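> Pasting the sequence and the predicted model now:
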Amino acid sequence: MFTTFSLISHHTKSKYINLLRTITSTKQINVDIEMKKLNDRKEFVKALDLFDKHKQQTILTDRILVQAFKACTQLGYLERGQVIHKNLSNSSLKNSYIQTTLINFYMQCGRVNDAQCVFDSSVNKTLIHYGSMMKGLIKNKRAEKAIEFFSKIFNPDEILLCLLFNSCAQVQTKQALDFGKKVWSQMSSIHHRDKYILTSAFDMFVKCGDLENAENVFAKKKRIVIDYGQMMKCYNEHSMPMKTIDLYDKMKIEGIQADSIIFLLLIDACGQLGIESRCRSIVKQIPSAMLNDFKLKNALVHMWVSNIQKCKTLVFIYLAFIFETKGKAGCVNEARLVFEQIDQPNHVTYAAMINAYGLNGMHHNAIELFSKISNPDEILLCLIFNCCAQIQTKQALDFGRKFSSQMSLIHYQNESVLTSAFDMFVKCDDLANAKSVFAKKKRTVIDYGQMMKYYNDHSMPLKTINLYDKMKDEGIQANSIIFLLLIDACGQLGIESRCRSIVKHIPSTMLNDFKLKNALIHMWVSNIQKCKTLVFIYLAFIFETKGKAGCVNEARQVFEQIDQPDSVTYNSMINSYGLNGMGHSAVELYHRMPLKMIEEKTYTCVLNACSHSGLVDEARTIFSTIEIKNKWIYTSMIDCLSRLFLFDEAKQLIEEYERHQSPCLPMYTSLLSGARNRNDASLARQTIHRIRELFHNVDESLVPVSILFTNTLASTGELEEASQIRWNMSQSGARKQIGLAWTEYNGEIVQFHVQDRSHPRTSELYDELDRLEKELIEHGHKFDASWITRPLMADETVQSVLNSHSERLALAFNFIQRPVPSRIQIVKNLRICGDCHGAIKLISKIRRCEIIVRDANRIHHFADGKCSCNDHF
């Protein structure tokens with residue numbers, strides 16, 4: 001910032017030196033020269049005294065006046081400067097140099113409005129005028145206004161660019177960062193090489209949390225110790241301590257001397273990392289002269305206190321069986337006292353004590369002890385990897401990685417060590433290393449199960465299924481656990497043909513496995529109601545499978561062949577009807593169901609079916625007959641009312657429920673979803689306020705509703721507020737789920753995300769999307785911009801954004817196949833947007849095909865321009 005302002009001062013003098021009056025009198029020249037000398041020596045009072053002494057006898061040239069204003073500015077003499085301003089001649093008032101000096105004077109005194117008046121009075125505004133205003137606004141903490149000034153400037157110079165980036169760094173909002181990034185991307189190559197611009201841009205990216213661009217600028221510029229400090233601070237604030245430490249190593253290579261600030265940042269990184277050896281290594285490099293720095297002392301204390309809690313080395317035990325026995329009995333402290341008497345413990349005693357800690361759940365202590373061991377053997381490595389797997393923190397993972405990377409070739413050939421390391425990487429969420437170890441080891445059915453579970457937990461069902469194919473190729477026999485994981489993957493994927501294929505592989509002897517039966521049913525119903533806890537049976541699974549895959553007629557045939565269906569089979573069939581938009585059939589079957597079989601689950605299924613078909617009267621009738629209503633029954637009814645915008649009635653039900661029960665978040669989520677469908681920002685605000693008031697202690701559950709709220713704001717044109725909320729969410733670590741769509745053709749399952757260009761036939765896909773766009777427009781489709789929840793980029797249109805949603809890419813993939821399938825199935829992990837819903841309805845009519853889309857809520861059957869949901873989605 002100081003560099004930028006110094007440049008402005010030099011810039012101003014050079015541009016306006018010729019505008020000052022020419023003074024011919026030697027006496028007059030001496031006055032302004034003497035005043036300047038006094039100002040340069042910071043003797044501002046003496047400069048003003050000289051001005052007062054000569055103001056009556058000397059013609060006050062613009063040079064003299066400028067020096068007087070500079071002295072008033074430095075002394076903060078507002079009234080004195082105002083008097084001089086008041087007595088200026090018209091000629092001086094029109095002088096650009098005087099105008100910019102006045103702007104600087106008023107800004108320095110905190111009189112932003114007065115500075116604005118001077119700026120507004122200027123007829124011929126120059127870049128210097130704008131620069132003076134922006135500099136003053138930044139000083140007075142009004143950087144947003146400075147950004148507005150910049151937006152009015154044509155062809156800004158390097159000074160103004162620096163000021164803009166300084167303004168964005170001060171504001172630190174998403175809008176400011178986006179504007180700064182836009183200007184950065186449009187700058188000339190000369191400006192991209194300017195060291196002052198690079199410094200200001202780097203400062204902006206760091207302070208706005210744009211790590212990627214900060215790293216890019218950091219790599220381009222000539223780095224000094226301050227730059228390293230900023231980058232390290234950014235890494236620490238983003239919980240990336242290893243990058244801070246790596247940067248220090250790079251700093252040393254470049255021959256840059258670390259100061260106390262750098263060591264403070266390194267100590268902070270070590271405190272986050274919690275690895276004692278690295279902490280000690282850093283401390284050894286701190287010059288002894290710096291250790292008297294008070295802040296550094298405090299930081300060192302904090303680092304060691306942190307490590308005591310995380311991984312500090314302790315003293316431990318002796319004879320293996322003595323403290324192993326005490327460890328198993330829970331007498332760990334006694335075991336430790338025994339170990340303290342040992343002068344030179346060996347690997348056996350270390351292993352026994354580590355195991356004792358592990359048995360008592362004291363995994364941190366085990367890791368602390370392990371750090372004292374040199375050249376650990378395979379038993380110790382297995383034990384420490386197991387402890388890291390139990391802790392599952394970044395520090396534990398980093399610790400485990402360190403020893404994994406140091407293992408000898410002999411250890412890499414030990415199956416027990418590899419199995420323990422693999423288990424650690426899977427449980428600590430380190431996919432890259434888990435895959436690496438998985439590829440090296442002799443794989444068993446348990447290893448495949450662990451890898452599949454990881455993929456399922458991270459919403460990667462295709463990888464689970466591909467792993468099953470690899471497992472078959474290796475001749476490894478699948479057990480019931482593997483099929484449970486495969487069924488879970490199929491439930492996420494929802495592709496009918498692949499589900500059928502997996503089910504066919506299940507041996508008939510396993511179909512009596514109770515868990516397997518339940519999982520097979522759950523595969524088809526889990527995505528509709530996550531809260532389901534019913535026990536399902538085998539026959540139910542058959543027609544639920546067909547219902548979930550969109551084959552509801554086949555499911556009905558199976559159901560009708562059952563002589564004595566019980567409550568589970570009835571509920572499953574009702575749910576299948578509801579899932580496929582056949583609400584009337586669901587209600588009819590509900591009324592056929594024996595009264596003694598109707599249970600809470602039944603009510604939830606039939607009310608959901610009414611909700612998804614818009615049958616509000618039927619839902620009201622059923623709801624009124626239910627004597628004891630739980631929260632899911634209430635939620636289903638509220639959802640039904642909210643889908644039809646009957647918000648007052650929905651609110652009344654919530655109030656009724658809360659008279660006797662604690663508030664329930666899903667009820668408010670249904671209300672908020674209805675507000676989104678209606679683009680009702682007012683109701684959305686009321687609802688989100690109530691949610692935050694009632695459920696402030698469940699942060700993770702509030703992420704989906706916050707996203708729903710921002711989408712509602714964006715759909716009503718309030719993009720700035722929506723962007724700000726998203727920025728706040730991203731700063732807190734919350735992340736929006738990426739929208740994905742899957743489809744299958746000729747045995748190939750493909751996955752797409754929005755604007756995906758990763759497929760080998762991308763060019764054909766987008767050509768097909770262009771054809772679909774033209775056909776839609778020809779048939780009267782109006783692209784609905786309210787479903788775009790972010791500002792458009794310069795090269796985007798409403799059509800191009802909506803037309804590149806993941807489900808449309810999946811649709812285009814089917815249309816470029818030969819022959820083109822007459823029945824297309826697509827699965828989406830999120831709810832389908834309104835524009836895609838309307839477009840696919842029309843496409844089904846134009847292209848004369850059946851399209852089935854299963855989204856996060858239901859199954860949509862599109863045919864002849866209609867959808868089975870009757871637009872109640």
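Everything's here; your move.
> Tell me which stretches of the stretch 301-450 of the chain form helices.
Ranges of helices within the stretch 301-450 of the chain are 320-328, 332-339, 347-359, 363-370, 378-391, 394-405, 409-412, 415-427, 431-440, 445-457, based on DSSP state H, counting those that start in this stretch.
> Can you give me the buried ones in the last one?
Translated: helix 445-457. For helix 445-457, a neighbour-count test (16 or more other Cβ atoms under 10 Å) marks 447, 448, 449, 450, 451, 452, 453, 454, 455, 456 as buried. Just so you know, the C-beta spots here come from the backbone N, C-alpha and C atoms, and that holds for glycine as well.
> picking that back up, most packed of the helices of the stretch 301-450 of the chain?
For the helices of the stretch 301-450 of the chain, the largest average neighbour count (mean count of other Cβ atoms under 10 Å) is found in helix 363-370, namely a mean of 24.
> Now do that helix and helix 394-405, the angle between them.
Using axes from the mean of the first three to the mean of the last three Cα atoms, to 10 degrees, the inter-axis angle of helix 363-370 relative to helix 394-405 is 40 degrees.
> Save the helices of the stretch 301-450 of the chain as a markdown table, and put in mean pLDDT too.
Listed next are these as a markdown table, based on pLDDT from 0 to 100:
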| stretch | mean pLDDT |
| --- | --- |
| helix 320-328 | 38 |
| helix 332-339 | 59 |
| helix 347-359 | 69 |
| helix 363-370 | 75 |
| helix 378-391 | 79 |
| helix 394-405 | 80 |
| helix 409-412 | 76 |
| helix 415-427 | 81 |
| helix 431-440 | 82 |
| helix 445-457 | 84 |
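> now these in a markdown table, with distance to residue 737?
Listed next are these as a markdown table, based on distance: least, Cβ to Cβ, whole Å:
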| stretch | distance to residue 737 |
| --- | --- |
| helix 320-328 | 44 |
| helix 332-339 | 43 |
| helix 347-359 | 36 |
| helix 363-370 | 32 |
| helix 378-391 | 27 |
| helix 394-405 | 23 |
| helix 409-412 | 37 |
| helix 415-427 | 22 |
| helix 431-440 | 18 |
| helix 445-457 | 14 |
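> Out of these, the one nearest residue 284 is which?
Closest to residue 284 of these, according to Cβ to Cβ: helix 394-405, at 18.4 Å.
> what stretches of the stretch 151-300 of the chain score poorly on pLDDT?
For the stretch 151-300 of the chain, applying pLDDT under 70 flags the ranges 271, 274-277, 279-280, 283, 288-300.
> all helices of it, in order?
For the stretch 151-300 of the chain, applying DSSP H, counting those that start in this stretch gives helices covering 158-171, 174-186, 189-192, 195-207, 211-220, 225-237, 241-253, 260-273, 276-284, 294-310.
> Output these as a markdown table; include the columns mean neighbour count.
Formatted as a markdown table, the helices of the stretch 151-300 of the chain follow (neighbours: other Cβ atoms under 10 Å):
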| stretch | mean neighbour count |
| --- | --- |
| helix 158-171 | 25 |
| helix 174-186 | 18 |
| helix 189-192 | 12 |
| helix 195-207 | 23 |
| helix 211-220 | 16 |
| helix 225-237 | 20 |
| helix 241-253 | 17 |
| helix 260-273 | 22 |
| helix 276-284 | 16 |
| helix 294-310 | 15 |
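> Quick one: the ones you listed as a markdown table, columns for distance to residue 719 too.
Output for the helices of the stretch 151-300 of the chain, formatted as a markdown table (distance: least, Cβ to Cβ, whole Å):
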| stretch | distance to residue 719 |
| --- | --- |
| helix 158-171 | 17 |
| helix 174-186 | 9 |
| helix 189-192 | 29 |
| helix 195-207 | 22 |
| helix 211-220 | 22 |
| helix 225-237 | 27 |
| helix 241-253 | 33 |
| helix 260-273 | 36 |
| helix 276-284 | 45 |
| helix 294-310 | 42 |
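> So which of those is nearest residue 570?
Judging the helices of the stretch 151-300 of the chain by Cβ to Cβ, what sits closest to residue 570 is helix 174-186, at 50.8 Å.
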